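> Structure here, sequence nowhere to be found:
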């Protein structure tokens, strides 16, 4: 991999790993749904500014509705799920659970999209589930109903991400394709339409005092929307263009490392052997799933 692409890969992993840190800062102060709503709004504004500055023609070629529908699956629901999980789970936990995304793709592809389930992929899926169990049962976080519900929310998000990959291929790729910046912008706009009413309802039921929006919380929100969402999309699509989708997916291996690191450095979150054991099992599972198939 060229050095420039490697730097983009590491930066992307650091940004996406940092999204869990930002949520752990913002969610306790503002609530889960307001945080998710602010994230997609800032992400849409950032991507909209990018499209304007780069003079990308706003031609969706009949795929505008598909891009909007993708946003519900690829951004709206997952962002809400991770924000809800951030009420309970440390940043490192959510980042490690996010690594289940390719494994969920294997499961969905085998069940609904005609993908061949090789022995390697099935073994990877089983090892990934084992990693989740190890992390939840032996980690420093007490296992109770709230923790299990938060972990389930993360897995719902990974299921959505796995589904979004196939839907993108079917709704966009197989219909002639679309500029990735427009796909990202359309996705964020539909996520705004989904989450802002929910965020408004949450704020109406549970008003947040203005004092809760401290400089730290404001910086976390801006980082979450503009850096971890808008800029990260730009980096990811550039990486796919430079090295291909398979190599770009290796970012999934690195996100948990940065998620655990940021939580430990900045939030003093406990790190135990379960992080290494559970994360290691999931990393091995990802290798089994993502390695090139032999002829």
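Everything's here; your move. Only a predicted model underlies this, so the values are computations on that prediction, with no experimental measurement involved.

> can you pull the contacts of residue 167?
69, 70, 73 (Cβ atoms under 8 Å, 6 or more residues apart in numbering). C-beta here means a position set from N, CA and C on the backbone, and glycine is covered the same way.

> of all the residues you listed, which comes closest to residue 97?
residue 73 (18.0 Å; Cβ to Cβ).

> The nearest residue to residue 80 once chain neighbours are set aside sits in which helix or strand?
Distance criterion Cβ to Cβ, 6 or more residues apart in numbering; nearest residue to residue 80, sequence neighbours excluded, is residue 36 at 4.7 Å. Element membership for residue 36, per DSSP states H and E: helix 32-53.

> after that helix, next one along is what?
That would be, after helix 32-53 and using DSSP H and E, helix 64-71.

> what about residue 154, distance to residue 160?
11 Å (Cβ to Cβ, to the nearest Å).

> which one of the two has more residues nearby?
residue 154 (25 against 22; other Cβ atoms under 10 Å).

> Poorly predicted segments of the stretch 151-295 of the chain, please.
Along the stretch 151-295 of the chain, segments meeting pLDDT under 70 span 241, 244-250, 290, 292-295.

> Out of the contacts of residue 167, which one has the weakest pLDDT?
Least confident of the contacts of residue 167 in the model: residue 70, at 89.

> Now for residue 154 and residue 160: what residues contact both?
residue 81.

> What helices and strands are in contact with the helix holding residue 36?
helix 3-30, helix 77-85, helix 180-205, helix 215-222, helix 232-243 (3 or more Cβ pairs under 8 Å, 6 or more residues apart in numbering; DSSP states H and E).

> Report the buried residues of the shortest one.
Spelled out, it's helix 215-222. 217, 220, 221, 222 (16 or more other Cβ atoms under 10 Å).

> do the same with stretch 105-117
Applying 16+ other Cβ under 10 Å to stretch 105-117 flags 105, 106, 107, 108, 109, 110 as buried.

> Show me the residues you listed that map onto helices.
Judged by DSSP state H, the buried residues of stretch 105-117 include 105, 106, 107, 108, 109, 110 as members of helices.

> No further queries at this time; thank you.
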